[in-house]
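Asks: What follows is a predicted protein model with its sequence.
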Amino acid sequence: MISTEYNGMELLVCVASRYLEDGSSVSVGTGLPVAAAMLAQKLYAPNLLVIFEAGGIAPLLPTMPISVGDSRTTYKAIQATSMTEVMDTLARGLVDICFLGGAQIDMYGNLNSTMVGTDYRHPKVRFPGSGGANDFGSLAWRTIVVSPQSVRRFVTKVDFITTPGYLDGPGAREKAGLPPGTGPYKVITNLAVLGYDQESKWMRVESVHPGVTLDEVKSNTGFQLLVKDPLETTEAPTEQELRMLREEVDPLKLVIGREAK
Amino acid sequence: MISTEYNGMELLVCVASRYLEDGSSVSVGTGLPVAAAMLAQKLYAPNLLVIFEAGGIAPLLPTMPISVGDSRTTYKAIQATSMTEVMDTLARGLVDICFLGGAQIDMYGNLNSTMVGTDYRHPKVRFPGSGGANDFGSLAWRTIVVSPQSVRRFVTKVDFITTPGYLDGPGAREKAGLPPGTGPYKVITNLAVLGYDQESKWMRVESVHPGVTLDEVKSNTGFQLLVKDPLETTEAPTEQELRMLREEVDPLKLVIGREAK
Amino acid sequence: MEGLGRIFTDCDPDHQRGIFRAKSKKLIDKVTTVPEAVRNLVRDGDYLAVGGFGGVRIPTALLHEIVRQKKQHLGFAGHTSTHDCEILAAGRCFDRCDVAYVIGLEARGIPKMARKYFESGAVECTEWTNATLSWRLRAAAMGISFIPVRSMLGTDTGLHSAAKEILCPFTGQKYFAVPALFPDVALIHVHESDTFGNAHLRGIQVSDQDLARASKKVILSCERLVSTDFFRNDQERTTIPYYLVDAVVEVPFGSYPGNMPYEYYSDERHLQQWMVAEETPQDYQAFLDKYIFNTADFGEYLALCGGKKRMQQLRDLEFLRPPQAEEVE
Amino acid sequence: MEGLGRIFTDCDPDHQRGIFRAKSKKLIDKVTTVPEAVRNLVRDGDYLAVGGFGGVRIPTALLHEIVRQKKQHLGFAGHTSTHDCEILAAGRCFDRCDVAYVIGLEARGIPKMARKYFESGAVECTEWTNATLSWRLRAAAMGISFIPVRSMLGTDTGLHSAAKEILCPFTGQKYFAVPALFPDVALIHVHESDTFGNAHLRGIQVSDQDLARASKKVILSCERLVSTDFFRNDQERTTIPYYLVDAVVEVPFGSYPGNMPYEYYSDERHLQQWMVAEETPQDYQAFLDKYIFNTADFGEYLALCGGKKRMQQLRDLEFLRPPQAEEVE
């Protein structure tokens, strides 16, 4: 018997994996998204097409990659191609889901991974920048953000929109020229699963994790949250999920041994 | 001793080969241009980079190709790439010389390989169209046309400008948006070698082939020709050229056995 | 300048994204027969593009089947299309054509009936060039509706294209904007494919690297089926990944009478027979009846053309070997 | 919208065409040494782009040499540049940067001194994304001054880029025009090269297929020199044809401490030592002195990092074998 107690990272991986449908494609970064994709392939979506931004297509991952371009991402892969081709493929509409993170996220799902501060030339803190985040957030059908939840991170207005969420609300993506039907989908945090209200494009809590209260979620959010009615409780990781995750996906605990910060 | 008598096609190949400089690149079609490039490589330009439009780069041609995309064009080649890449390479300015032909050519070197007639929708005679001719004529540094000379072919105004020469005269290419410094270079016919006057961009006779008179050239041209002063006589094929051409370049007489129509 | 020609295909990537999204990313068996592939995936009116280079690496079996099934009103991408164009013209299958190079067979000449088909007014043409058609496919492969190019400027080719002059917002230079080309169906002959449609295409790609990506439906014919390990063991081999592909058919010598680099050379004798047959309507009809309409499949066609012996000769020719088998005729 | 950022390079292809024309197409021996290649081909003020993916297939020997020769005022193309950026930042070699991803080392964290270098104002930045930088290189490879893209729209990334909004002349859709990026110098580490510069690059190309074509000068470092027959016998291997290349240096383990797919894995321990050294200015200087300034060449650097034994371990790691050599520390 496997222990059905779980840590925060295990919960995140299990929850994230459930959003990955069979026959769809997902672009993943290192860490949690890879683990979620691997878990999904083993349980729900054997035909999930895993795409690494730098060019690795559908590898049989032997271990967790350290870089989205390292050897592991092309191990027994279907193809080793270019970042350029991955981006073209994305632009053609072939990437269903992407996973992103960021230093800040706002109520419309806009993400900041560029800088803290108000003067672009003199940032208080400089981050790496978009990388491929803006591209995926612009052109993938659905964006799933995985992030720790705190008032510092969940802000009314991000200091810098690195990657578009719904920008400043309904219709804004389309007006900006982004392809219709794309955009933020879910936000998975250490406290809850959040989605977006169809009409207003505001972020809303859809389920709180077991043992977490709605108040906790709200007090860790820097803006007014909508709440789905009825509010659900996130399904805890199942025994099957945990076994697969611990024994086959991440036996070295490279992901699930880390803290869900 | 090899016979120093030569036929029209042998003359054309030998003359054409002399314009190919070592260390330059040439895009060739099938037939005469290939033979000229091979002859040049053996005599004058061992480092001539031969490019086939469909993707073959610097093959060691074992026989004459039948198609600019057939197996021969990649035999022991440096690279087998795409037509797209060849065209990109051309656009970047890496193709020094291209060989073209056409059903009609005018005094500014414009070429027609699309149709005879005045109504595009109802051509009197339909030809294959540009293929890559317009691309090479637009973007290669120097265009060499090889063509039989007659009033039917050398016309005041081509029925259809498939491929740009100097369009309607000085400055027209630049005005149209074509890269500066590109354009018509030489026209090699069964009668003469022609070039272009620097200022007026009009075609002019530079040398007449041995045994050909200037009057013959003029009477086979449908427009007023300029004449270089002093007018030269084309250097006849040398014994070395003929030996190399007959013994090594085209022993099966696939090119030199044809008539210089 | 704005080209007078018509754009035969929708260049709006937003209209294509949904179609590409709907394509399954599952690793499923896509192997089928030539008749089934054509019946299920090529509809009257579709816009068709053919891989290879006219007489090199062409999907002859699929092209014959399109003629045999009497597909009508197709659009056709004529970028150095030679024998492929000749076959479809024989079936009078298309009535609109993006022309870069059509009718002719390069150095082999111009077949008479194919030329007549174009001269008759039965085919609406828009002019392009080999590069601009390639770049139109690349724009589609990039998911953008247009791309700036420097060909066709100042010429009648440009005038009868559907390109539009634009200025570079950075340099002020003139360009032709050419619209993305998203074919409905691509037919591509490759060397190896697995059952899922991962494909390896040796030698020159021509435009097929972009064609496979730009097309809404992709039918591959291959010289031979291989296991997926062929690709998983050497990830550089995958020229066309499976998720672009809708159907796979195995057709050895499938490019005949065209050349298949590294496999067999073109059958110039048979191509010459085509050319001769095109001289008179009677000979033409008899030739087409014999070689296409009255043959059940590509195997019969190959048998009519000399069968195994002839194929071996073409292999010898490809590999520059003295003929091993006796010349038949 | 029009981006506020500066374009650091001339995007006019007519200014580049003459440079590309002047490159020799001769098959000449281009093999040289790392110091000579850097001395002769990298000038202060040049705009530099580095192949690979930050910590994967990077030309470490060339980067160290640039720092050692104290090249200054370089421009830098920061598309998922991680350890390569860290090295050049350590030398304070560049003062302007097209940013897609800089400073960070992916999951490994953000080195403190590299970050400070960017925060200090010493580096003028223009924002882009991985895709848009790739597409800018592609535009250059295509010999056009701009290309339309659908990234960055509506965002501050776009606002601080140098892109300009344009409308598609066919669909009316909004695009960002991004300017072609023609680097002065590209440094690319490859698996195999011949003496002329024909090169084979296994596995993911990242953007190097276009980078090699877009750059005015190309310096290759390779794991091993091979004969030209390696390419002439299999023409698919030629990722980079010789006529694009200006210099070739042979540097086994040349991507160390980065990963070289199919050769050796990254040295996470050494990358961690870098990270730790970046915590204080004193440690940083001592570290740089030891590993870069006071080493004569890349061979010494490898020796300092554990030499052959360590390299064997990284090979074992790459091939997922249990370590054959004892762990050194």
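Replies: Alright, I've got the coordinates.

Asks: can you confirm C:Ala49 is in a strand?
Replies: Yes. Counting by DSSP: H, G, I helix; E, B strand; the rest coil, C:Ala49 falls inside a strand.

Asks: number of nearby residues for the closest residue to chain A within the stretch 101-250 of chain C?
Replies: Among all residues of the stretch 101-250 of chain C, C:Gly143 sits closest to chain A, at 3.1 Å; criterion: C-beta to the nearest C-beta. Using the backbone N, CA and C atoms, a C-beta is placed for each residue, glycine as well. By the criterion of other C-beta atoms under 10 Å in any protein chain shown, C:Gly143 has 27 neighbours.

Asks: count of residues packed around the closest residue to it other than its chain neighbours?
Replies: Nearest residue to C:Gly143, sequence neighbours excluded (C-beta to C-beta, 6 or more residues apart in numbering or on different chains): A:Ala91, at 3.1 Å. Neighbour count of A:Ala91, defined by other C-beta under 10 Å: 26.

Asks: what sits against A:Ala91?
Replies: Going by C-beta atoms under 8 Å, 6 or more residues apart in numbering or on different chains, A:Ala91 touches A:139, C:13, C:142-144, D:131, D:149-150.

Asks: pretty sure the residue of the stretch 101-250 of chain C closest to chain A contacts C:Ile19?
Replies: No. In this structure C:Gly143 lies outside contact range of C:Ile19 using C-beta atoms under 8 Å: 11.9 Å.

Asks: now the helices: where do they sit in chain A?
Replies: A:8-17, A:32-43, A:83-91, A:133-139, A:172-176, A:214-219, A:239-244 (DSSP state H).

Asks: Any idea which of those helices gets closest to D:Pro281?
Replies: Checking these against D:Pro281 by C-beta to C-beta gives helix A:133-139 as the closest, at 31.4 Å.

Asks: close to chain D, is that closest one?
Replies: Yes. Judged by C-beta under 8 Å from any C-beta of the partner chain, helix A:133-139 and chain D are in contact via A:133-135, A:138-139.

Asks: Listing request: residues of the stretch 101-250 of chain A with sub-threshold pLDDT.
Replies: For the stretch 101-250 of chain A, no stretch is flagged by pLDDT under 70.

Asks: Contact residues of it facing chain D?
Replies: Residues of the stretch 101-250 of chain A lying near chain D (C-beta under 8 Å from any C-beta): A:110, A:114, A:120-123, A:125-135, A:138-139, A:160-164, A:167, A:172-173, A:175-179.

Asks: Pull out the buried residues from those residues.
Replies: Among those, those classed as buried by 16 or more other C-beta atoms under 10 Å in any protein chain shown are A:110, A:114, A:120, A:123, A:126-135, A:138-139, A:160-164, A:167, A:172-173, A:176-179.

Asks: Just grab the bridge partners of the spatially closest residue to C:Phe146 that is not a sequence neighbour for me.
Replies: Spatial nearest neighbour of C:Phe146, chain neighbours left out: C:Ala177 (4.5 Å); criterion: C-beta to C-beta, 6+ apart. Beta-bridge pairing for C:Ala177 (DSSP bridges): C:Pro148, C:Lys164.

Asks: how far away is C:Ala177 from C:Val99?
Replies: Per C-beta to C-beta, to the nearest Å, C:Ala177 is found 19 Å from C:Val99.

Asks: Neighbour count for these two, which is higher?
Replies: The neighbour count for C:Ala177 versus C:Val99, taken as other C-beta under 10 Å, is higher for C:Val99 (30 against 21).

Asks: and the more buried one, what are its phi and psi?
Replies: Dihedral angles of C:Val99 (phi, psi; degrees, to the nearest 10) stand at phi -90, psi 120.

Asks: could you check the distance from it over to C:Phe76?
Replies: Per C-beta to C-beta, C:Val99 is found 9 Å from C:Phe76.

Asks: And C:Thr228, by the same measure?
Replies: Relative to C:Phe76, C:Thr228 is positioned 33 Å away (C-beta to C-beta).

Asks: For those two, indicate the residue with more neighbours.
Replies: Neighbour totals were compared for C:Thr228 and C:Phe76, and C:Phe76 leads with 27 against 15 (other C-beta under 10 Å).

Asks: List the contacts of that one.
Replies: Counting by C-beta under 8 Å, 6+ apart, C:Phe76 touches C:47-49, C:85, C:88, C:93-94, C:96-98.

Asks: go on, C:Pro183?
Replies: Contacts for C:Pro183 (C-beta under 8 Å, 6+ apart) come out as C:9, C:47-49, C:75, C:77, C:211, C:214-216.

Asks: Break down chain C into its helices, ranges please.
Replies: C:13-22, C:34-41, C:60-68, C:83-90, C:112-119, C:130-141, C:156-159, C:208-214, C:229-232, C:268-277, C:281-288, C:298-304, C:307-318.

Asks: what's next to the fifth one, contact-wise?
Replies: So that's helix C:112-119. Residues from elsewhere that reach helix C:112-119, judged by C-beta under 8 Å, 6+ apart: B:123, B:125-126, C:85-86, C:89-90, C:92, C:97, C:102-103, C:123, C:125, C:278-279, C:281, C:284.

Asks: Can you select the buried ones among those for me in PyMOL?
Replies: Buried subset of those, written as a PyMOL selection, criterion 16+ other C-beta under 10 Å:
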select buried, (chain B and resi 123+126) or (chain C and resi 85+86+89+90+92+97+102+103+123+125+278+284)
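
Asks: and chain A, which residues reach chain C?
Replies: Residues of chain A that fall close to chain C, judged by C-beta under 8 Å from any C-beta: A:22-25, A:47-49, A:57, A:60, A:74, A:76-81, A:88-94, A:96, A:139, A:141, A:179-181.

Asks: what about A:Val155, how many neighbours?
Replies: Neighbourhood size, A:Val155 [other C-beta under 10 Å]: 19.

Asks: can you pull the contacts of the nearest residue to it once chain neighbours are set aside?
Replies: Distance criterion C-beta to C-beta, 6+ apart; nearest residue to A:Val155, sequence neighbours excluded, is A:Gly222 at 4.5 Å. By C-beta under 8 Å, 6+ apart, the contact set of A:Gly222 is A:151-152, A:154-156.

Asks: Pull out the buried members of those.
Replies: The neighbour-count criterion (16+ other C-beta under 10 Å) marks A:154-155 among the contacts of A:Gly222 as buried.
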